[in-house]
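> whatever this is, show me its structure:
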Amino acid sequence: MAATFGRALVTVPPQMASSCEVRQYIRWNKAYQTWRGGPPHSGFPASAAYDTWHEDRDSADKRYGHRSGIHSDPTAGADEYLTDGRRDQLNGSAYAGSDAPQSAAPAGATYNFQLKVIDRANADTVRASSSIITVNW
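Sure, this is the predicted structure:
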């Protein structure tokens with residue numbers, strides 16, 4: 001996944017880049033939740049329901065695209081903001097992220113993913129979103 005603010009992929013003017021974050025969302029279906037006995041891993045609360053969008057995270061509750069704060073865990077090439085190819089977590093206008101969902105699941109189980117550009121300075125307004133990507137297990 002990649003996003004550059006102010007270009008065709010994401011329609012956010014560059015002057016707004018520092019207030020925007022690219023977030024990844026996930027939902028899974030009932031077949032997955034029944035097989036797993038709950039959400040995908042321990043980073044999600046046990047109450048996280050299937051067929052509902054949740055902000056994606058790892059088992060330590062770190063989440064893609066957070067520039068700072070308790071959910072931020074910048075990683076080179078996998079979750080970071082850049083300016084001219086250099087990490088610039090607070091002001092970067094390009095986002096580089098990577099995810100490789102791994103699971104064993106029965107036929108009929110699915111994950112859906114979607115990226116959204118969230119404007120933190122304007123009440124978390126969604127400024128852009130990707131198509132939904134489906135992983136059929």
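> for residue 81, which non-adjacent residue is spatially closest?
Nearest residue to residue 81 in three dimensions, chain neighbours excluded: residue 92, at 3.1 Å (CB to CB, 6 or more residues apart in numbering). Using the backbone N, CA and C atoms, a C-beta is placed for each residue, glycine as well.
> bridging residues for the most centrally placed residue in the chain?
The centroid of the chain falls nearest to residue 24 when counting by CA atoms, centre = their mean (1.5 Å). Beta bridges link residue 24 to residue 115, judged by DSSP bridges.
> tell me who's in contact with it.
Residue 24 is in contact with 1, 55-56, 63-65, 97, 99, 113-115, counting by CB atoms under 8 Å, 6 or more residues apart in numbering.
> right, and the residue nearest to residue 81 touches residue 85 too?
No: assessed by CB atoms under 8 Å, residue 92 is found out of contact with residue 85, at 9.9 Å.
> compare those two and say which is more crowded by neighbours.
The neighbour comparison of residue 92 against residue 85 (other CB atoms under 10 Å) goes to residue 92, with 21 against 9.
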